[in-house]
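Student: got a predicted model here, sequence first, then my questions.
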Amino acid sequence: MLESHQLHGVEYHALRTRQAGARRFISFHILVPGHWTVQRGHDLLERIEEEVRAAIPNSTVFTHLEPLEDPVSFQDTRLEREERARREENLG
């Protein structure tokens, strides 16, 4: 389902899932061309979230929009990013 959007220059990463009881929680980052408007990116996220909810019942979907061209967008695929940045600040 997410792969179908790659034909339009959209990528994704940092896909995470968890389950609590009957509820499923799904989060991922969507990377779009930087020249897109906020509205265009938001509209895409709304469509993707709806597609995921339709395919996976009882799911709550969290997305995060990022520009493809920004190298920082690719540094947040790990859960430890924020913790690592704090440690580096304290050492520097």
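Tutor: Right, received. Where do you want to start?
Student: is it correct that Phe28 is in contact with Arg16?
Tutor: Yes. Between Phe28 and Arg16 there is a contact under CB atoms under 8 Å: 7.0 Å. For glycine as for every other residue, the C-beta is placed from the backbone atoms N, C-alpha and C.
Student: quick one: which of those two has more around it?
Tutor: Neighbour count, other CB atoms under 10 Å: between Phe28 and Arg16, Phe28 has more, with 18 against 12.
Student: got a list of what Leu44 touches?
Tutor: His5, Val10, Ile30, Val32 (CB atoms under 8 Å, 6 or more residues apart in numbering).
Student: pick out the lowest-pLDDT one from those residues.
Tutor: Within these, His5 has the lowest pLDDT, namely 72.
Student: with adjacent residues omitted, what lies nearest to it?
Tutor: Ile48 (6.8 Å; CB to CB, 6 or more residues apart in numbering).
Student: so who does the one you found touch?
Tutor: Contacts of Ile48 (CB under 8 Å, 6+ apart): Met1, Leu2, His5, Ile30, Thr63.
Student: that one belongs to a helix, doesn't it?
Tutor: Yes. Under DSSP: H, G, I helix; E, B strand; the rest coil, Ile48 falls within a helix.
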